[in-house]
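Participant: no sequence on this one, just coordinates:
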DNA sequence: ACACATTTGAGCAAGAGGAGCACAAACCCG
DNA sequence: CGGGTTTGTGCTCCTCTTGCTCAAATGTGT
């Protein structure tokens, strides 16, 4: 069942726009493919494809290479490739213990990339923005842009309002209601649209487009270090909630008798499955962070009962919380990122067993768990996808035809952000 | 941000189809409106609207009344109304303690309706199907159809696979893996498409289209009696999970030390907020059902401390579970249906207080709770919306033009059900 | 009562974009 | 080297929306 709501009427021009979008999106998502492959995938006729590709080539968004013989009978079809330099986005990533910046081209190619460690603990908004501006300066210097960037994407470990990039809460940074989006816009040049989003939401997007969940229509990405975040993709659409605040799975109440969470509530899931609880269970200081977790995994490899037990206990809580999410969301795939990606091999059996015990048979039978493929760089790729979205949704806007017409514009203004 | 994924190309005919759909949907959702109002709402030109309306009138799907003077200057615009008899759906509802059937016309008008009590407890699939067939016979007899029904919608208290109407689990009926959809198709005549869905999912749809949540873009409908179900609507699209199994919020684990649930797991939310726990807390037999709950409410009105305490305790667990859902889903509106609708006035303060304590500030600030408007008939209306969806999505198919073209058909087959 | 402004429907020509067909080009195979 | 196959090219046709002009129906002001 479709339920393709649309209040506004379509016009003829919309068709061309949508078809351009379809082609660019295919190339961006799945890489270079032959013209005839595009015909098959889009269902458009050869004539239509030809016209559209021609326009895209003229605008420089894609390029055609002269056709390579493939061994099958018939005239070979030229290869159409996205042109990375034609549309470049700047992406930034604010993680618990690192900051990163990158330039990513159309098609997802990482043109430049730099990541620096960040001291754990609180830092002011101004400091972080300054550091990010420096990183952005570095990657921009390394690769002077032929064309101006078409957008900026930012991933941050925190609860973010999509509309303006206000960080409502980021315990790892010590932030409450910090206007990250606005400050970054000033620091980086306010010329291009800037999109700020939660790191787990973007991780989910990245895994679906270029990672462990390619082609999956309905995935739950869970990612954690100290805190726990989740990202949901349904029908290839990020599920962000009404303001972008969705996906805070770390703050599901799972244990009324549990510990007090950083958010103030008691018994949140992240108090049982975050890195601190694992470290505590293994008899370590909760402040040891990532290195401490690695040490636990090494101990478990060596057969330490305490480490193994700590991992098992964490696995049980992991499975318990996941069972609730599976019952509520009925996803096809769960992708373990961050901390969970690292401990996955150690806790997989326990998690699956717990899911078997607690999840309804119907959704249980459909869901699989896999480890993140993009790892620590997932949010960066997701941020790129976010920043690319306007080009993918309407390539015509970036091809020189900036004509304006009424209903479509209204639609865009309504739905964008 | 749109993220309007579409793999397939559009063709010119799609535009007309989409525009017809837009118009019919507006009329179905919001009732009769003037032609000029349609111009404004759809953004289409007068010429386009004229042509489309003309076609719809010719096909009998809508009708035009001669224009009523409204007191403003200018030529008055004729009123366009959906024609209820032009498209009729049969809807069925299997509830804990009742069965219902109805005929509903385009625009949502209830043409016929009958509801009969159902003895609590288990009944065989065959019995229920036979009873429903009888009810369907009654409403069909009362109103001999001018045109054949365009679809059948079925709401059921249970976990349902959307694709074929298999009821994976329905504790109230004692069903496991019962092929409700197939059997109903046989019993009712297999000529029209039959759509089976969970009662809470359909309640959500109904409240959004015609109830307490009209116009809300992102709502969570929670409904319960013995069990607890949830329905989610995002951007006017029902969120059903990958197979329709989503929304089973009653089986989120909230209390590791709690009771064993009917699903076999321990500490599911419905063991704390279902009617049984309320009855138990009030010192009654958990089997008393709806009448027992009404008695508790009467006692609370009369000032009984035990009844009030029982309601408060239930309210606390209600708020606790909701806080998790709000953190994960970030909805704009929560609609209380069924049991929760009835106890809402008694538990509202406690629930809100609990939400304040446990929900992240950002999503908390955006969410409101309201009581269901459609009450017990919500699932029936939702089932109608489900059954109407094909007509709304592509009125042309129901207007005599049954021409087939390749990519669109592929798309429909893919996405439908 | 009458002229005028305003809003809207009607009808028609124009423009845009995809579909479909015929033909040519490029490849494999024997 | 010729036949079969696949695909690009170029053209016309068809569909659908748009834009414009004119007419119709109403309220307003003198």
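Facilitator: All right, it came through fine. Note that the structure is predicted; figures quoted are calculated from it, not measured.
Participant: how about the residues of the stretch 151-300 of chain A by DNA strand D?
Facilitator: Nowhere does the stretch 151-300 of chain A come near DNA strand D, counting by Cβ under 7 Å from any atom of the strand. (C-beta placed from N, C-alpha, C; glycine too.)
Participant: so what pLDDT did the residue in the stretch 151-300 of chain A that chain B sits nearest to get?
Facilitator: At 2.4 Å from chain B, residue A:241 is the closest residue in the stretch 151-300 of chain A, using Cβ to the nearest Cβ. For residue A:241, the model assigns a pLDDT of 94.
Participant: on the three-state scheme, it is what?
Facilitator: coil (DSSP: H, G, I helix; E, B strand; the rest coil).
Participant: please identify the helix or strand for whichever residue of the stretch 51-200 of chain A sits closest to DNA strand D.
Facilitator: Per Cβ to the nearest atom of the strand, residue A:74 is where the stretch 51-200 of chain A lies closest to DNA strand D, at 2.0 Å. Secondary-structure assignment from DSSP states H and E places residue A:74 in no helical or strand segment.
Participant: can you pull the buried residues of stretch A:282-292?
Facilitator: A:282, A:284, A:288, A:289, A:290, A:292 (16 or more other Cβ atoms under 10 Å in any protein chain shown).
Participant: which ones among the residues you listed come in contact with DNA strand C?
Facilitator: Okay, of the buried residues of stretch A:282-292, nothing touches DNA strand C (Cβ under 7 Å from any atom of the strand).
Participant: quick one: which of those residues has the lowest pLDDT value?
Facilitator: Within those, pLDDT is lowest for residue A:289, at 88.
Participant: please narrow the buried residues of stretch A:282-292 to those residing in helices.
Facilitator: A:289, A:290, A:292 (DSSP state H).
Participant: nearest to residue A:331 among those residues?
Facilitator: residue A:290 (27.1 Å; Cβ to Cβ).
Participant: enumerate every residue touching the closest one.
Facilitator: Shown in contact with residue A:290 (Cβ atoms under 8 Å, 6 or more residues apart in numbering or on different chains): A:97, A:225, A:275.
Participant: stretch A:386-400 close to chain B?
Facilitator: Yes. Judged by Cβ under 8 Å from any Cβ of the partner chain, stretch A:386-400 comes into contact with chain B through A:386, A:389, A:393.
Participant: what is the neighbour count of the second one?
Facilitator: In other words, residue A:389. Using other Cβ atoms under 10 Å in any protein chain shown, residue A:389 has 23 neighbouring residues.
Participant: what's the spacing between it and residue A:341?
Facilitator: 25 Å (Cβ to Cβ, to the nearest Å).
Participant: ok, now the last one?
Facilitator: Distance, residue A:393 to residue A:341, by Cβ to Cβ: 30 Å.
Participant: thinking again about what came up before, most neighbours among the contacts of residue A:290, which one is it?
Facilitator: residue A:275 (27 neighbours).
Participant: that one contacts residue A:224, doesn't it?
Facilitator: Yes. Residue A:275 is within contact range of residue A:224, at 7.1 Å (criterion: Cβ atoms under 8 Å).
Participant: and for residue A:305, the neighbour number?
Facilitator: Using other Cβ under 10 Å, the number of residues around residue A:305 comes to 9.
Participant: surely residue A:334 forms part of a strand?
Facilitator: Yes. Counting by three-state DSSP, one finds residue A:334 located in a strand.
Participant: show the pLDDT at it.
Facilitator: 98.
Participant: do I have it right that it meets residue A:372?
Facilitator: No. Assessed by Cβ under 8 Å, residue A:334 is found out of contact with residue A:372, at 10.5 Å.
Participant: can you give me the strands in the stretch 1-150 of chain A?
Facilitator: Using DSSP state E, counting those that start in this stretch, the strands of the stretch 1-150 of chain A run over A:33-34, A:62-65, A:79-82, A:88-94, A:98-105, A:110-117.
Participant: among those strands, which is nearest residue B:267?
Facilitator: Checked against Cβ to Cβ, the stretch from those lying closest is strand A:88-94, at 36.2 Å.
Participant: pull out the buried residues from the closest one.
Facilitator: A:88, A:89, A:90, A:91, A:92, A:93, A:94.
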